[in-house]
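Undergrad: Kindly return the folded structure for what I paste below:
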Amino acid sequence: MSTIKAGVGGSKNTDPLKAGQEACQQAVDQMGGKPDLIMVFASVALDQEKMLQGVNSVAQGALIVGCSDSGEITTQGPTNKNIAVMAISSDQIQFTTGLGENVSVDSHKAGQQAAEEVIKKAPGEISLLISILEGLTGNGAAIVRGMQATLGEHFPIIGGSAGDDFAFKKTFIYHQDKVLNDTVMGLGLSGQFSWGVGVKHGWEPIGLPMKVTKSEGAILKELDHKPALKIYEDYFGKKSEELIKEPIAKMAYTYPLGMSVEGSSELLIVDVVIANKDGEITCAAEIPQGSEVRLMLGDPDKAIQAAKEAAENALSQLKGNAPKAIFVFDCMARHKLLGSRIGEEISAIQNVLGKEVPLIGFYTYGEQAPLSGNIEPDVCRSVFHNETMCLLVIGD
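TA: Sure thing, here's the model as predicted:
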């Protein structure tokens with residue numbers, strides 16, 4: 001008899017309190033029994049406090065975690081401006097949370113703080129950490145490194161950064177009955193269970209590799225000793241003034257940068273966010289000086305194929321155990337790239353892992369996961385990704 005039970009619910013109700021109640025009730029009913037964990041992803045279109053109040057009113061005291069998003073994903077497929085809830089009960093998994101605050105002041109410290117709290121509170125050794133990160137105020141890569149400073153460099157971390165329906169103003173983390181900002185959360189899983197991860201993007205390199213000759217954190221200053229913005233001027237035939245006028249992100253989500261990293265056959269995708277008059281580009285994650293980067297091109301068919309391959313990788317790591325719950329952390333740039341074909345990506349995952357397996361996820365402002373989905377103890381290296389399909393599957 002399976003000891004992991006999961007159910008998923010959603011609601012299109014515009015009343016935030018009712019939406020929270022309905023989605024959570026649906027998830028709990030589908031799961032059957034008393035939940036240990038409630039996971040919530042919701043649109044900022046809903047009043048966050050009232051929505052969470054609604055969830056709490058039917059959660060039966062379960063641990064509540066989650067964040068705001070740029071679109072929800074459930075077993076029924078993608079939705080937006082709604083709420084998605086998963087209820088899980090298990091007599092073999094223990095869930096423990098930790099919070100790190102003031103991400104904007106010290107991202108590394110916030111990551112460390114969250115991981116330390118999980119370790120301190122966990123009933124036993126944790127097997128993996130689900131990360132739910134502040135989406136706008138900090139340095140995602142530094143948060144991941146902070147967590148690794150506590151957990152170890154080969155520890156598996158998988159999760160996503162909160163969104164706010166593409167407004168890029170303010171994102172929120174949910175913990176119990178609190179709506180938090182500028183915060184990072186770690187959810188530790190300990191006990192006896194199987195799990196697998198899949199990490200793949202499907203973007204293809206175009207043009208020649210270029211060397212990062214000058215950079216500072218997430219600010220890319222020079223490529224091959226020329227202003228970084230020139231890579232886009234040359235490709236699009238646009239003057240730098242045009243590329244500076246509005247956030248370059250609006251155009252460049254289909255053309256991100258890919259960085260060569262050790263331990264990954266795919267280039268690591270880094271989103272470009274904004275450019276300035278000096279030809280510098282601010283990216284969504286840091287690009288170290290001396291790195292090699294290439295311009296990348298997104299293609300819907302290849303993105304859908306990548307999602308399928310990610311699911312196959314996760315399934316193979318379950319070692320024959322049946323999937324009981326699926327968590328999807330999918331970049332909002334993929335949402336934009338796929339447009340009306342967005343559902344095909346989720347179907348591709350379900351064709352591999354099972355259409356009936358309870359699934360929850362959201363469209364993120366960045367993902368955290370092991371490079372290439374490799375979870376071998378001495379090889380696993382969790383990093384901050386962009387534009388990537390990252391998924392976690394748990395089984396008995």
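
Undergrad: in what helix or strand does the most centrally placed residue in the chain lie?
TA: Geometric centre of the chain, nearest residue: residue 160, 2.1 Å, by Cα atoms, centre = their mean. Using DSSP states H and E, residue 160 falls within strand 157-161.

Undergrad: Moving along the chain from that strand, name the first helix or strand you hit.
TA: Beyond strand 157-161 in the direction of the C-terminus, DSSP H and E gives the next helix or strand as strand 173-175.

Undergrad: counting contacts, what elements does that next one pack onto?
TA: When contacts are defined as 3 or more Cβ pairs under 8 Å, 6 or more residues apart in numbering; DSSP states H and E, strand 173-175 packs onto strand 63-68, strand 93-100, strand 178-180, strand 184-191. The C-beta positions use only the backbone N, C-alpha and C, and glycine is treated the same way.

Undergrad: average pLDDT for that strand?
TA: Regarding strand 173-175, the rounded mean pLDDT is 98.

Undergrad: partners of it, with directions?
TA: Strand 173-175 pairs in its sheet with strand 63-68 (antiparallel), strand 178-180 (antiparallel), by DSSP bridges.

Undergrad: Compute the distance from the centre of that strand to the centre of its chain.
TA: In terms of Cα atoms, centre = their mean, to the nearest Å, the centre of strand 173-175 is set 15 Å apart from its chain centre.

Undergrad: same deal with stretch 19-27?
TA: The answer for stretch 19-27 is 23 Å, by Cα atoms, centre = their mean.

Undergrad: Identify the residues contacting that stretch?
TA: Contacting residues not belonging to stretch 19-27 are listed as 7-13, 35, 38, 40, 42, 46, 50-59, 82-87 [Cβ atoms under 8 Å, 6 or more residues apart in numbering].

Undergrad: Mean neighbour count added to the helices and strands packed on strand 173-175, as TSV?
TA: Shown next, in TSV, are those (neighbours: other Cβ atoms under 10 Å):
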stretch	mean neighbour count
strand 63-68	24
strand 93-100	22
strand 178-180	16
strand 184-191	24
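
Undergrad: want to throw the ones you listed into JSON lines with mean pLDDT?
TA: Listed next are the helices and strands packed on strand 173-175 as JSON lines, based on pLDDT from 0 to 100:
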{"stretch": "strand 63-68", "mean pLDDT": "98"}
{"stretch": "strand 93-100", "mean pLDDT": "98"}
{"stretch": "strand 178-180", "mean pLDDT": "98"}
{"stretch": "strand 184-191", "mean pLDDT": "98"}
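
Undergrad: mind putting the ones you listed in a markdown table, distance to residue 124 included?
TA: Formatted as a markdown table, the helices and strands packed on strand 173-175 follow (distance: least, Cβ to Cβ, whole Å):
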| stretch | distance to residue 124 |
| --- | --- |
| strand 63-68 | 16 |
| strand 93-100 | 7 |
| strand 178-180 | 26 |
| strand 184-191 | 5 |
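
Undergrad: Cool, thanks, talk later.
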